[in-house]
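S.K.: got a predicted structure here, sequence first:
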Amino acid sequence: MQRREFVASSLAVATAAVALPKAAQAAQGSGSMTNVVFTENDPGHWKDVEKLHVPLVKVEGRKMTVTTPHPMSEAHYIVSHTVVLEGGKFLDRKTFNWKDQPVSEHRLPEGYKGKVMVTSTCNLHDWWLKTLDA
Ligand SMILES: [Fe+2]
């Protein structure tokens, strides 16, 4: 591979990685990320299991509690919750093992107003996104 081709392909990969949060936001209604990012409105090929995977989010002031109503077993469990604020600003992440309950608590920045993107990842059923306004 020529140096110029290598640089061009590296830039394409980097651009795609940066573009993912915007694409994930777009997936909330457009269906453009069908079977990549799963949502309540776009469960893709995981239709019929969305109720077990879409994270439930409760906001009380700055405190945010995330729950995934999913059974936990060694073979099948929720791996993590991640919270990202508007503009792709990472806030927090909590990982689980199969013996944990898939519940996490996060603290929003003082006075934060804007979108909050919460993900729940299942080891068998991929990456689920819930977007809300805080
Ligand atoms: Fe699952």
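M.R.: It's in. Numbering: from 1, shown residues only.

S.K.: okay, now the closest residue to Pro43 other than its chain neighbours: neighbour count?
M.R.: Of all residues not flanking Pro43 in the chain, Glu50 sits nearest, at 4.1 Å (C-beta to C-beta, 6 or more residues apart in numbering). Backbone N, C-alpha and C define where each C-beta goes, glycine included. Look at Glu50: counted by other C-beta atoms under 10 Å, it has 17 neighbours.

S.K.: now do Glu50, the pLDDT please.
M.R.: Glu50 carries a pLDDT value of 97.

S.K.: doesn't Asp42 make contact with it?
M.R.: No: using C-beta atoms under 8 Å as the test, Glu50 is too far from Asp42 to be in contact (9.1 Å).

S.K.: residue boundaries of the helices in this structure?
M.R.: 3-26, 50-53 (DSSP state H).

S.K.: show me what from the protein comes close to the ion.
M.R.: Cys122, Leu124, His125 (C-beta under 5 Å from the ion).

S.K.: swap the cut-off to 6 Å and go again
M.R.: Contacts of the chain with the ion, taken as C-beta under 6 Å from the ion, map to His53, His70, His76, Cys122, Leu124, His125.

S.K.: residue nearest the centroid of this structure?
M.R.: Geometric centre of the chain, nearest residue: Thr119, 2.5 Å, by C-alpha atoms, centre = their mean.

S.K.: if the nearest residue to that residue once chain neighbours are set aside is in a bridge, with which residues?
M.R.: Distance criterion C-beta to C-beta, 6+ apart; nearest residue to Thr119, sequence neighbours excluded, is Thr82 at 4.6 Å. Counting by DSSP bridges, Thr82 is bridged to Arg93, Thr119.

S.K.: spit out the contact partners of Thr82.
M.R.: For Thr82, the contact set (C-beta atoms under 8 Å, 6 or more residues apart in numbering) comprises Phe90, Asp92, Arg93, Val118, Thr119, Thr121.
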